[in-house]
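Peer 1: got a predicted structure plus its sequence, pasted below:
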Amino acid sequence: MACRRSRVRVSPAPFDSRGHQAHACSWQASSCQIEESFMLKGTSGLNEVLPMVPDSGTAVPVASSLRQATWTTPVLLVGLFVILIWGSVSFIPPSWLTAVPWWLLFAVAGVMPQLFLLIYPLVTRKQQEPSRFRLPKLMRLLIEAGIAVAVIFGCLVLLVVVELVGTQISPETSLTRGPYDYLGKTAWTPFIYGFFLAAFLYVPLAEEVFFRGFLFNAFRKRMPLVIAVLLQSVIFGALHFFSLAYAIITASLGLVLALVYCWRKTILTPVLVHAGINAIAAMGLFLSMHSTANTPSLGVMHQESATGCVIGAVAANSPAESAGLRPGDTIVQFGDYAITDFRSLSDTIASHYKVGDSVIVLINRDGKTLETRSVLARRSEISWPSIENDR
């Protein structure tokens with residue numbers, strides 16, 4: 001880094017008690033000597049050295065610029081509004097999504113929002129110095145990766161403990177049985193494989209830049225640190241509201257990622273933690289998808305907001321469609337088993353029936369009880385143009 005030099009002159013000293021004049025001082029003081037270039041330990045995680053008196057136009061690493069950058073209130077509000085719109089997609093009825101081509105849904109609900117999360121904070125930030133990208137040194141990368149592995153292990157252990165305690169309190173409740181389980185039981189493979197790649201290659205970077213790099217840093221400059229940490233974690237969980245339990249888990253993860261960011265003072269470590277957790281979830285989804293490919297399925301989606309086993313959508317050319325089932329029907333009995341909700345239907349089919357079985361189904365439609373018969377098909381033979389759960 002170039003250094004500015006300044007000449008400092010000192011006026012002649014007065015005569016001392018013996019009549020001798022003290023030596024006048026004139027010297028050059030170099031800012032290179034007094035700037036005390038220092039390493040803000042871990043501030044950017046990208047080999048960041050920030051001098052106290054940098055030359056005009058000197059570039060600083062992008063990662064450090066996120067911590068130093070500021071965003072105006074209108075910019076912050078626009079970012080929050082966009083992710084609010086994006087998050088509302090999870091509340092759209094499944095029957096609406098079945099009419100949307102998978103590639104369009106993937107682009108609108110997946111690719112475009114993730115591009116926004118990554119690009120918006122970078123192009124709207126204000127900073128005193130221009131920034132440039134700088135890769136971390138190998139040793140620093142290994143250190144942060146080791147910390148990320150430890151954090152991931154701790155999160156998994158905590159999740160297992162909470163799951164075990166939760167099942168003891170409420171056996172019907174599972175924190176981990178969420179959208180990943182449902183995604184794995186659909187034959188909509190183009191989205192699934194795209195999800196595999198994006199989940200740990202791009203999504204962690206985009207979401208960490210937005211939620212920790214942008215939202216958290218913008219919040220902490222406007223409110224106490226504790227409130228900023230909690231608020232960004234709540235928003236992070238709300239954006240992943242596939243179910244209440246899943247939103248709570250995701251909000252807790254957002255809290256951990258923010259604390260790691262505060263500790264390491266680099267976006268690198270939260271990205272690695274996020275990528276590791278997503279990779280584990282994607283592998284579980286992959287195994288679930290292939291292990292359930294030959295299991296029996298009726299070919300219906302449930303209606304999220306309804307009580308009981310209310311059908312939200314029916315797959316084309318599925319056993320449900322052949323049996324005359326319609327969205328809005330409530331399944332009350334499947335074979336010899338009473339059905340109280342969608343989970344009981346799923347468990348009944350998985351536990352007591354096989355592909356090709358002909359089963360009598362009782363439904364309520366417009367206040368009347370109707371009886372029909374359905375022949376179960378392989379799950380892999382039922383294709384959904386959506387990403388919701390099916391049975």
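Peer 2: Now that the structure is in, tell me what you want to look at. Numbering: from 1, shown residues only.
Peer 1: and the helix or strand containing residue 234, what's buried?
Peer 2: Secondary-structure assignment from DSSP states H and E places residue 234 in helix 225-239. Using 16 or more other C-beta atoms under 10 Å as the test for burial, helix 225-239 gives 228, 229, 230, 231, 232, 233, 235, 236, 237, 238, 239. C-beta coordinates here come from the backbone N, C-alpha and C atoms, glycine included.
Peer 1: and residue 261, how far from residue 67?
Peer 2: Distance, residue 261 to residue 67, using C-beta to C-beta, to the nearest Å: 9 Å.
Peer 1: can you give me every residue that contacts the residue nearest to residue 72 when sequence neighbours are not counted?
Peer 2: In space, residue 72 comes closest to residue 126 once its chain neighbours are excluded; the distance is 7.4 Å by C-beta to C-beta, 6 or more residues apart in numbering. Counting by C-beta atoms under 8 Å, 6 or more residues apart in numbering, residue 126 touches 69, 70, 71, 72.
Peer 1: nearest residue to residue 365 other than its sequence neighbours?
Peer 2: Take residue 365 and drop its neighbours on the chain: the residue closest to it by C-beta to C-beta, 6+ apart is residue 329, 5.1 Å away.
Peer 1: neighbours of that neighbour, how many?
Peer 2: By the criterion of other C-beta atoms under 10 Å, residue 329 has 22 neighbours.
Peer 1: that one: what's it in contact with?
Peer 2: So residue 329 contacts 310, 311, 363, 364, 365 (C-beta under 8 Å, 6+ apart).
Peer 1: out of those, who's the most crowded?
Peer 2: residue 311 (26 neighbours).
Peer 1: quick one: the helices in the stretch 151-300 of the chain?
Peer 2: Remark: helices of the stretch 151-300 of the chain, listed N- to C-terminal, are 179-183, 189-201, 203-208, 217-220, 225-239, 244-264, 268-291; assignment by DSSP state H, counting those that start in this stretch.
Peer 1: the residue nearest to residue 231 when sequence neighbours are not counted: neighbour count?
Peer 2: Closest residue to residue 231 apart from its sequence neighbours, by C-beta to C-beta, 6+ apart: residue 219 at 5.7 Å. Counted with other C-beta under 10 Å, residues neighbouring residue 219 total 20.
Peer 1: so where's the stretch 251-391 of the chain shaky on pLDDT?
Peer 2: For the stretch 251-391 of the chain, the stretches flagged by pLDDT under 70 are 304-306, 383-391.
Peer 1: just the strands in it please.
Peer 2: Applying DSSP state E, counting those that start in this stretch to the stretch 251-391 of the chain gives strands spanning 296-297, 300-302, 311-314, 330-334, 337-338, 358-365, 368-375, 377-378.
Peer 1: distance to residue 78 added to those, as CSV?
Peer 2: Shown next, in CSV, are those (distance: least, C-beta to C-beta, whole Å):
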stretch, distance to residue 78
strand 296-297, 43
strand 300-302, 34
strand 311-314, 33
strand 330-334, 42
strand 337-338, 50
strand 358-365, 45
strand 368-375, 49
strand 377-378, 47
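Peer 1: winner for burial among these?
Peer 2: Comparing the strands of the stretch 251-391 of the chain by mean neighbour count (mean count of other C-beta atoms under 10 Å), strand 300-302 ranks first with a mean of 27.
Peer 1: tell me what that strand is packed against?
Peer 2: helix 94-97, strand 311-314 (3 or more C-beta pairs under 8 Å, 6 or more residues apart in numbering; DSSP states H and E).
Peer 1: partner strands of that strand, parallel or antiparallel?
Peer 2: strand 311-314 (antiparallel) (DSSP bridges).
Peer 1: right, and residue 356 touches residue 378 too?
Peer 2: No: in this structure, residue 356 is not within contact of residue 378 by C-beta atoms under 8 Å, at 9.1 Å.
Peer 1: and residue 240, how far from residue 254?
Peer 2: 9 Å.
Peer 1: quick one: which of the two has more around it?
Peer 2: Ranked by neighbour count (other C-beta under 10 Å), residue 240 and residue 254 place residue 254 first, with 29 against 19.
Peer 1: ok, that one - contacts?
Peer 2: So residue 254 contacts 211, 232, 233, 234, 235, 236, 237 (C-beta under 8 Å, 6+ apart).
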